[in-house]
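K.L.:
Below is the structure, and that's it, no one-letter string:
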Ligand SMILES: [Zn+2]
């Protein structure tokens, strides 16, 4: 899973040589006939053709490695694929992404990580702290996946075993001793959590554990961290990753549903005021043609028909005789939303699919926030 710490390390890699970065849209929705392989082959060919011979010699191994990977690992593909390779630096990274990416093949002195950073900025990540009185685990959820990041364990907490035979006073003292240890442990947990959240720029936190521990932790959190807590939940401390994910999924989806609603309301309000936002297929396609789309908002399962230029890919909702850009032949298409979405991704715009929102349906089922 993507994380800031790793990307920072990659970005600060003191490379001696060249690095090849491949981004490929492998989303099955856009690649019904294996089109991604065609795009990939074309990019490879164009890159090699235009490359300086001396540089080509240095990255030949990387290109071969990438070529081999793309051709043989289809079963691992999700929606986006990122491969970063530098044989000269013995460096290789592969990312299978839950969102499609713009096709790019970049050869540079440094790995190209901006699309990965953008994905982390755009699609929210959630931290889950699973805590009890002597241990704690931290998970991150991003695009429907979960990864465990770390464990905090304070082993020196005395057990409550010698209960009988103690005087009341001693018992009290003993209880306080335990409380003291638990307090130290939770303080330690909170410090580690705090630095993890700020290092990773994660703004949403779910706390899991017993009611008692959860409320103790909440009582000890700094205001800045407390503001990030979107919910708390009862989770068993040895829960496996998918068990944790199942528990927090309803919380995440309710939270995202609320955010979607706000996005749609913002989109509608801004487009009414003509503030860099548009609604409806016609306007969206027009904005795409002008490369102005920053974020496309589309209702799930929305389908529509339109027209597309066979040679340059120009899209329009209106029937025209020939392409106004290249005079190419126009064909009717019944999947214009897929084509518009693909165009948006290719322009480095983000795409948010909204599950079911009456207001968006009434406003034309599609809209976009614009760059300018
Ligand atoms: Zn055309």
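P.N.:
Arrived safely, thanks for sending. Keep in mind that what you see is a predicted model, and the values were worked out from it rather than measured. Residues are numbered from 1 along each chain as shown.

K.L.:
okay, now the closest residue to the ion within the stretch 51-200 of the chain: neighbour count?
P.N.:
Using C-beta to the ion, the closest approach of the stretch 51-200 of the chain to the ion is made by residue 103 at 19.4 Å. Using the backbone N, CA and C atoms, a C-beta is placed for each residue, glycine as well. Residues near residue 103, counting by other C-beta atoms under 10 Å, number 19.

K.L.:
repeat for residue 327
P.N.:
Residue 327: 11 neighbours (other C-beta under 10 Å).

K.L.:
measure it to the ion for me?
P.N.:
7 Å (C-beta to the ion, to the nearest Å).

K.L.:
With adjacent residues omitted, what lies nearest to the residue of the stretch 51-200 of the chain closest to the ion?
P.N.:
residue 39 (5.1 Å; C-beta to C-beta, 6 or more residues apart in numbering).

K.L.:
And the residue of the stretch 151-300 of the chain closest to the ion?
P.N.:
Nearest residue of the stretch 151-300 of the chain to the ion (C-beta to the ion) works out as residue 289 at 10.5 Å.

K.L.:
wait, what's in contact with that residue?
P.N.:
314-315 (C-beta atoms under 8 Å, 6 or more residues apart in numbering).

K.L.:
Tell me the confidence at it?
P.N.:
Listed pLDDT for residue 289 reads 93.

K.L.:
Check the one 5 residues further on too.
P.N.:
Per-residue confidence for residue 294 comes out at a pLDDT of 96.

K.L.:
Following the helix or strand harbouring it in sequence, what is the next regular element?
P.N.:
According to DSSP states H and E, residue 294 maps onto strand 293-299. Using DSSP H and E, the helix or strand that follows strand 293-299 in sequence is strand 306-309.

K.L.:
about what we covered before: thought the residue nearest to residue 103 was touching residue 26?
P.N.:
No. Using C-beta atoms under 8 Å, residue 39 makes no contact with residue 26, being 9.6 Å away.

K.L.:
So which of the two has more stuff around it?
P.N.:
Higher neighbour count among residue 39 and residue 26: residue 26, with 25 against 17, using other C-beta under 10 Å.

K.L.:
What count of nearby residues applies to the closest residue to the more buried one other than its chain neighbours?
P.N.:
Excluding its sequence neighbours, the residue lying closest to residue 26 (C-beta to C-beta, 6+ apart) is residue 77, at 4.3 Å. Using other C-beta under 10 Å, the number of residues around residue 77 comes to 17.
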